[in-house]
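Novice: The sequence and its predicted three-dimensional model are supplied below.
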Amino acid sequence: MRTSKRSARRLRGQGMSEYLVITALVAVATVAVAGFFGDAIRHQMAAMALKLAGDTSTAKTETTAAQTSAGNAKSDAGTAKTLQNFSQ
């Protein structure tokens, strides 16, 4: 009887550990995506807010800025990062 209680505790602990590892991996991936596409996402959200507010001229500017940021992120993702070009 005692061993089954210990076994149940271990299984719960193992499940919690696995959950924490998966949560940490998702958080790291989210930070990486936000790092690459942060400007594009920011400009897209601004464009949507401006369009909802009725300001279509400024929204078009933000949409163009979002496209430019996305292009920059795409080209940046294609370059290999080494210790020689890390700061660029």
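Specialist: On my side now, so go ahead.
Novice: Sticking with the residue nearest in space to the middle of the chain, tell me its helix or strand.
Specialist: The chain has Thr30 as the residue nearest its centroid, 2.8 Å off, counting by Cα atoms, centre = their mean. Thr30 is part of helix 2-53 when elements are defined by DSSP states H and E.
Novice: could you say what helices and strands the helix or strand following that helix packs with?
Specialist: Next in sequence after helix 2-53, counting helices and strands by DSSP H and E, comes helix 56-78. Using 3 or more Cβ pairs under 8 Å, 6 or more residues apart in numbering; DSSP states H and E, the elements in contact with helix 56-78 are helix 2-53. No exception for glycine: its C-beta is placed from N, CA and C like everyone else's.
Novice: and the helix it packs on, what does it pack onto?
Specialist: Using 3+ Cβ pairs under 8 Å, 6+ apart, helix 2-53 sits against helix 56-78.
Novice: Show me which parts of the helix it packs on are buried, residue by residue.
Specialist: Ala59, Glu62, Thr63, Ala65, Ala66, Ser69, Ala70, Ala73 (16 or more other Cβ atoms under 10 Å).
Novice: Name the nearest residue to the last one, ignoring sequence neighbours.
Specialist: Nearest-residue entry for Ala73: Phe36, 4.8 Å, with adjacent residues in sequence omitted and distances by Cβ to Cβ, 6 or more residues apart in numbering.
Novice: what sits against the one you found?
Specialist: Contacts for Phe36 were tallied using Cβ atoms under 8 Å, 6 or more residues apart in numbering; they are Ala73, Asp76, Ala77.
Novice: Export those as CSV, with columns for distance to Gly15.
Specialist: What follows is the contacts of Phe36, written out as CSV (distance: Cβ to Cβ, whole Å):
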residue, distance to Gly15
Ala73, 37
Asp76, 38
Ala77, 35
